[in-house]
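K.L.:
Generate a structure from the sequence data that follows.
(one chain, ligands or ions: 2)
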Amino acid sequence: MKQDIEKIIISEEELNNKVKELGQRITADFKEENPILICILRGGAIFMSDLIKQIDTPLEIDFMSVSSYGRNSSSSGIVKIRKDIDVDIQNRHVIIVEDIVDTGLTLDYISDYLKNHNPRSVSICTLLDKPEAHKLDLKIDYTGFKIGNDFVVGYGLDFAEKYRNLPYIGILKKEIYS
Ligand code: IMP
Ligand code: MG
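P.N.:
Numbering: from 1, shown residues only. Ligands and ions are numbered 1, 2, ... in the order given. As a prediction, this is how the structure comes out:
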């Protein structure tokens, strides 16, 4: 796996520190509000499990799975729900936990979809953001790191289901995906 990585852009230590910081911010913003954190599978799973340990107030979790990317590495814009939420989010504060915002199409769709369930609020928390790739104006409440337009893997993010278990975020060598 390691030989497929061009460069490590975010180390394990930097990830840990950032997740801690985001957890503290969410704790302060949702103290005693019992928010529901909805993780977008599968990329958000590692981030989610580390993040909730850094949030010091009662919360609930749920999971959603949508299809956005297939084997290729560009967004289709077509979002299909593969696994829906199981909890009732009506009148609840919802925080969507995502690995990365690229075009923003996936999160825009998910956020609208969840708003139709009449939650009290919907916030977005993403570990990574690629601002140059956005195709629409998306309000992101919590961002871990802004990165350039490279294809990255690790810490939950995959290419063709590989590399999710790398403990850092690395840029994938172009010859692997092109
Ligand atoms: P968007 O709809 O274009 O914002 O795509 C978001 C989804 O595409 C993310 O949840 C990821 O699953 C995937 N994605 C986008 N960029 C990358 C990347 O650099 N590496 C791995 N997955 C990515
Ligand atoms: Mg994803």
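
K.L.:
Could you report the neighbour count for the nearest residue to Ser67 once chain neighbours are set aside?
P.N.:
Among residues not flanking Ser67 along the chain, Lys80 sits closest, at 4.6 Å (CB to CB, 6 or more residues apart in numbering). Bear in mind the C-beta positions are built from the backbone N, C-alpha and C, glycine included. The number of residues packed near Lys80 is 10, by other CB atoms under 10 Å.

K.L.:
got it, and Ala45?
P.N.:
For Ala45, the neighbour count with other CB under 10 Å is 17.

K.L.:
Could you do Val101 as well?
P.N.:
Applying the criterion other CB under 10 Å, we find 23 residues in the vicinity of Val101.

K.L.:
one step back: quick check: the residue nearest to Ser67 vs ligand 2, distance?
P.N.:
Summarising the geometry, the distance separating Lys80 from ligand 2, computed by CB to the ion, to the nearest Å, is 13 Å.

K.L.:
Relative to Phe63, how far out is that residue?
P.N.:
According to CB to CB, to the nearest Å, Lys80 and Phe63 sit 16 Å apart.

K.L.:
Now this protein against ligand 2: closest residue?
P.N.:
When you check the chain against ligand 2 by CB to the ion, the closest residue turns out to be Gly43, at 3.5 Å.

K.L.:
Where does that residue sit, in terms of helix or strand?
P.N.:
Taking DSSP states H and E as the criterion, Gly43 maps to no regular element, lying outside all helices and strands.

K.L.:
for Glu6, same thing?
P.N.:
Assessed by DSSP H and E, Glu6 sits inside strand 5-10.

K.L.:
Just the CA coordinates for that strand, please, in CSV.
P.N.:
Output of strand 5-10 as CSV, limited to C-alpha atoms (Å, rounded to 0.1, in the frame of the first residue of the first chain):
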residue,chain,number,x,y,z
ILE,A,5,1.5,6.8,-2.0
GLU,A,6,3.1,9.8,-3.6
LYS,A,7,3.3,11.9,-0.4
ILE,A,8,1.8,12.0,3.1
ILE,A,9,0.0,15.3,3.5
ILE,A,10,-1.6,14.9,6.9
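
K.L.:
So which residues make contact with that strand?
P.N.:
Contact partners of strand 5-10, identified using CB atoms under 8 Å, 6 or more residues apart in numbering, comprise 18, 145, 147, 150, 152-155, 166, 168-174.

K.L.:
Show me the residues you listed that map onto strands.
P.N.:
Mapping the contacts of strand 5-10 onto strands (DSSP state E) picks out 145, 152-153, 169-172.

K.L.:
so which of these are also by ligand 1?
P.N.:
Checking these against ligand 1 by CB under 6 Å from any ligand atom, the ones in range are 152-153.

K.L.:
Generate CSV for the ones in strands among the contacts of strand 5-10, with pLDDT as supplementary columns.
P.N.:
CSV is the format used below for those (pLDDT from 0 to 100):
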residue, pLDDT
Phe145, 98
Val152, 97
Val153, 98
Ile169, 98
Gly170, 98
Ile171, 97
Leu172, 96
